[in-house]
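Student: sequence and predicted structure, then a few things I'm wondering about:
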Amino acid sequence: MQLSSWVARYAPWLYAAIGLAMLWAARAYWRAEQAVRQSQYGLQRERAAEARALALSLLLIAVSGLGLVILFSQAITPGLAALRFNTPTPALVLVTTVPTATPAVSILLPGQPSPTPSGSATPAPTITPVPPAGSGCRVASATISSPIAGAVISGQVDVRGSANIPDFAFYVLEISTVGDNWLNLYTDDKPVQDGLLGRWNASLYPPGEYAFRMIVYDARGAFPEPCTIPITIGGLP
């Protein structure tokens, strides 16, 4: 996790360094190739051939390094982040009416309260209200600027803001109907400053009131208070 986070964080510098190395190796190979063709003596031709082989080896090493950087920054790091921090798969909840009855299986979906055994009083689901103006959004390096709190949205939704805390690792966008059962919508390991954080399709969810938030993690797994806002999913755009 530490190595992949480091590679993802410094990927632009690594791309630049590897690109310069590839240009230098390609130039050295071209010069050695010209020397091999123009050499009139066996010793000169042999030395030029050795220089050409060395330049080719360096070029292959640079290309391999470029492939590793792309692999770590585009595939391994997002995968590790999702495995470590993503919302667990909803579990199966067994509900029984009496101790001797056959258990019935019920699936707990994201955004739904836990069921209670039949025959007993059904308590109202615990709903954690979100303040109308949102909460936790005063940290400039971990905030959502669009959509705004109380927005009515539909169709494709562009989420904008900043996710660029010190020692940044990655951030997630999540949605919930009751405030305590969150569903992951988007994960990214690239810091963002006043730009596009992600895009999701609101038409996949029933119309109604939801809570929407962003959590920004650092390399140790810590995070500031999530920026949470109330939103309403309307009908078709």
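Tutor: Nice, thanks for sending it over. None of these values were measured; they are calculated from a predicted model.

Student: how about the longest helix out of those in the chain: buried residues?
Tutor: Assignment by DSSP state H gives helix 42-71 as the longest helix of the chain. For helix 42-71, a neighbour-count test (16 or more other CB atoms under 10 Å) marks Ala48, Ala51, Arg52, Ala55, Leu56, Leu58, Leu59, Ala62, Gly65, Leu66, Val69 as buried. C-betas here are computed from N, CA, C, even on glycine.

Student: pretty sure the third one sits against Tyr29.
Tutor: Which is Arg52. Yes. Counting by CB atoms under 8 Å, Arg52 touches Tyr29, with 6.0 Å between them.

Student: can you get me the start-to-end distance on stretch 133-140?
Tutor: In stretch 133-140, first residue to last residue: 16 Å (CA to CA, to the nearest Å).

Student: picking that back up, max pairwise distance over the buried residues of helix 42-71: which two?
Tutor: Ala48 and Val69 (31.7 Å; CB to CB).

Student: mind listing what the residue nearest to Asp218 when sequence neighbours are not counted touches?
Tutor: Of all residues not flanking Asp218 in the chain, Asp167 sits nearest, at 4.3 Å (CB to CB, 6 or more residues apart in numbering). Asp167 makes contact with Asp218, Ala219, Arg220 under the criterion CB atoms under 8 Å, 6 or more residues apart in numbering.

Student: got any ranges where this structure has weak pLDDT?
Tutor: Across the chain, the ranges flagged by pLDDT under 70 are 1-4, 10, 75-128, 178-180, 235-237.

Student: quick one, domains of it?
Tutor: Residue ranges for each domain of the chain read 2-85, 142-233, as given by automatic domain parsing.

Student: which one of the ones you listed is the most hemmed in?
Tutor: For those, the largest average neighbour count (mean count of other CB atoms under 10 Å) is found in domain 142-233, namely a mean of 18.

Student: how far does that one sit from the chain's center?
Tutor: Remark: domain 142-233 is offset 11 Å from the chain centroid, using CA atoms, centre = their mean, to the nearest Å.

Student: check contacts around Ser63.
Tutor: If you look again at residue 63, you'll see it is Val, not Ser. With contact set as CB under 8 Å, 6+ apart, Val63 has these partners: Met22.

Student: work out for me the element Pro131 sits within.
Tutor: Pro131 is located outside every helix and strand, with elements delineated by DSSP states H and E.

Student: re the thing from before, and the contacts of Asp167, which is closest to Ala11?
Tutor: For the contacts of Asp167, the minimum distance to Ala11 (CB to CB) is 15.0 Å, reached by Ala219.

Student: so what's that closest one up against?
Tutor: Taking CB under 8 Å, 6+ apart, we find Ala219 in contact with Gln2, Ser5, Asp167, Phe168, Ala169.

Student: one more time with 10 Å, if that's ok
Tutor: Met1, Gln2, Ser5, Trp6, Arg9, Pro166, Asp167, Phe168, Ala169, Phe170 (CB atoms under 10 Å, 6 or more residues apart in numbering).
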